[in-house]
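Q: this one's sequence-less:
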């Protein structure tokens with residue numbers, strides 16, 4: 001959802017930080033009419049803030065004048081580009097890039113982690129006339145400061161941005177490119193970003209106290225590129241993170257039995273050989289196209305796309321809480337997004353919230369968690385129950401089913417296996433999605449997480 005606003009650069013992002021803070025502190029849901037005062041902030045800046053707040057509000061109200069603003073009308077469907085596959089990085093640079101981009105007007109945003117395995121990527125870019133920005137892609141850096149810094153690099157008549165990296169790189173670079181009105185090319189270099197973050201046009205950065213991906217836009221992606229060479233250096237941890245999203249997709253489209261052999265190859269073989277396997281390459285292609293089909297039918301997360309959040313309500317809660325916890329040895333606990341999603345699936349399965357799983361599904365989840373040395377319970381919630389409830393209510397995907405503070409309920413995606421083996425048409429999408437969603441009291445959901453042994 002997008003207001004018609006003019007992005008004026010890094011300074012505008014600084015101007016709207018305080019307003020975003022106020023809205024997050026107020027706990028406004030995604031579809032709220034958000035208040036601001038034109039005597040304190042320019043209307044265009046407030047429109048920008050409303051567009052970025054949880055990827056778009058239903059409206060904006062000027063408390064000084066009483067005037068209401070609403071977003072521009074958006075299409076019901078948009079085309080998600082088909083991925084283009086290359087075997088090596090030089091194949092891409094020497095053909096696709098040189099033929100379809102104005103090199104002097106292009107900026108590459110490059111994930112710093114990638115350089116330790118593929119230093120030739122930066123060297124080859126430096127030989128062109130394109131600009132290069134190297135981004136240290138961590139959750140801590142996925143913030144408004146990094147967004148402002150990247151936006152400041154996108155001045156001077158640039159027309160396109162190419163993001164080369166994992167999900168964080170794709171999310172932040174695409175958001176900056178969308179704000180600047182650039183053509184956006186994504187080259188996801190992790191299995192997780194290929195299966196999830198790089199497909200569908202979602203962009204986002206974290207908010208300092210509201211959590212993951214709370215600030216963002218839906219961006220038009222012009223190209224999605226997969227380069228097999230860049231996947232072959234992935235660590236086992238990064239492979240299993242991607243497998244988590246693939247398992248989620250296999251539940252939704254009922255393809256677990258078909259995809260299981262390739263998934264087990266990814267789990268058992270080194271990345272260098274696994275990503276050369278034809279079955280694995282087919283698995284990646286089919287996952288991309290499945291997500292394309294869902295996000296193409298519902299680009300702005302009005303109905304069907306909500307189901308892609310399977311397991312994510314629990315996952316985002318665990319990720320937020322883990323930042324405040326320490327292990328018994330005093331070390332800071334870490335839980336990757338993929339392992340948090342698998343923990344969310346484990347919770348739903350073991351509490352019989354999503355029906356029966358196909359043979360081997362639960363066992364493969366357990367095998368991945370064991371391989372990652374994830375031990376349950378992750379931590380003792382202790383006196384953090386109210387914090388957990390606040391996080392659940394604030395989640396960007398949540399819509400409150402009741403206005404009574406005592407009866408606030410959390411929207412949970414609880415689909416049966418294979419629910420999206422055929423994508424419903426637009427006329428039935430709302431009703432279909434509603435049937436796959438339940439609203440659960442925060443205490444009840446926290447109770448399910450404890451019952452499954454994920455936390456104590």
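A: Cool, the structure landed. Since we're looking at a predicted model, the values are computed, not measured. Numbers count the residues shown, from 1 in each chain.

Q: List of residues touching whichever strand or helix holds residue 289?
A: Assigned by DSSP states H and E, residue 289 belongs to helix 278-297. Applying CB atoms under 8 Å, 6 or more residues apart in numbering, the contact partners of helix 278-297 are 77-80, 82-83, 85, 191, 194-196, 199-201, 224, 226, 228, 245-246, 249, 252-253, 255, 259, 261-263, 265-266, 274-275, 304-305, 307-308, 420, 423, 426, 429. For glycine as for every other residue, the C-beta is placed from the backbone atoms N, C-alpha and C.

Q: Next, the buried residues of that helix.
A: 280-281, 283-284, 286-288, 290-292, 294-297 (16 or more other CB atoms under 10 Å).

Q: Next: stretch 177-189.
A: Buried, per 16+ other CB under 10 Å, within stretch 177-189: 177-180, 182-189.

Q: What's the end-to-end length of that stretch?
A: 19 Å (CA to CA, to the nearest Å).

Q: contact partners of it?
A: Identification of contacts with stretch 177-189 by CB under 8 Å, 6+ apart yields 7, 92, 101, 111, 114, 151, 154-155, 158-167, 170, 173-174, 194, 197-198, 203, 217, 219-227, 230-231.

Q: domain ranges for this protein?
A: Annotated domains of the chain cover 10-69, 78-233, 235-456 [automatic domain parsing].

Q: Count the residues that sit near residue 7.
A: A count of nearby residues for residue 7, using other CB atoms under 10 Å, gives 17.

Q: try residue 359
A: 10.

Q: same thing with residue 347?
A: Residues near residue 347, counting by other CB under 10 Å, number 25.

Q: So what does it look like in phi/psi?
A: Per-residue torsions, residue 347: phi -60, psi -50 (degrees, to the nearest 10).

Q: ok, now which ones touch it?
A: With CB under 8 Å, 6+ apart, residue 347 has these contacts: 311, 314, 353, 448-449, 452, 454.

Q: give the contact list for the closest residue in space to it that isn't next to it in sequence.
A: Excluding the flanking residues, the one nearest residue 347 by CB to CB, 6 or more residues apart in numbering is residue 452, at 4.5 Å. Residues in contact with residue 452 (CB under 8 Å, 6+ apart) are 346-347, 350-351.

Q: quick one: residue 452 and residue 445, what's the gap?
A: Distance, residue 452 to residue 445, using CB to CB, to the nearest Å: 11 Å.

Q: Next: residue 149.
A: From residue 149 to residue 445 the distance is 37 Å (CB to CB).

Q: More neighbours: the two, which one.
A: residue 445 (22 against 17).

Q: surely the more buried one meets residue 391?
A: No: contact criterion CB atoms under 8 Å: residue 445 and residue 391 do not qualify, at 11.0 Å.

Q: Pull up the overlap in contacts between these two.
A: Common neighbours of residue 445 and residue 391, using CB under 8 Å, 6+ apart, do not exist here.

Q: my guess is residue 175 meets residue 218, correct?
A: No: proximity of residue 175 to residue 218 does not meet the contact threshold set by CB under 8 Å, at 10.1 Å.

Q: Could you pull out the buried residues of the lowest-mean-pLDDT helix or strand in the chain?
A: Within the chain, no helix or strand scores below helix 385-394, which has a mean of 83 by mean pLDDT, DSSP states H and E. For helix 385-394, burial by neighbour count (16+ other CB under 10 Å) applies to 388-389, 391-394.

Q: What is the nearest of those residues to residue 413?
A: Nearest to residue 413 among those is residue 392, at 13.7 Å by CB to CB.

Q: Distance-wise, check residue 128 relative to residue 89.
A: For residue 128, the distance to residue 89 - CB to CB - is 13 Å.

Q: Please read the previous query as pertaining to residue 415.
A: 38 Å.

Q: Centroid-nearest residue for the protein?
A: residue 197 (4.8 Å; CA atoms, centre = their mean).

Q: Quick one: residues contacting that one.
A: Taking CB under 8 Å, 6+ apart as the test, what residue 197 contacts is 166-167, 170-171, 188.

Q: now, which of these lie within strands?
A: residue 188 (DSSP state E).

Q: For the contacts of residue 197, work out which two are farthest apart.
A: That would be 171 and 188, which, of the contacts of residue 197, are the farthest apart (CB to CB) at 10.6 Å.

Q: Is it correct that residue 81 is in contact with residue 225?
A: No: counting by CB under 8 Å, residue 81 sits too far from residue 225 to count as a contact (9.7 Å).

Q: So between these two, which is more surrounded?
A: Neighbours per residue (other CB under 10 Å) separate residue 81 from residue 225, with residue 225 holding more: 22 against 17.

Q: Kindly state the pLDDT recorded for the more buried one?
A: In this model, residue 225 is scored at 93, pLDDT.
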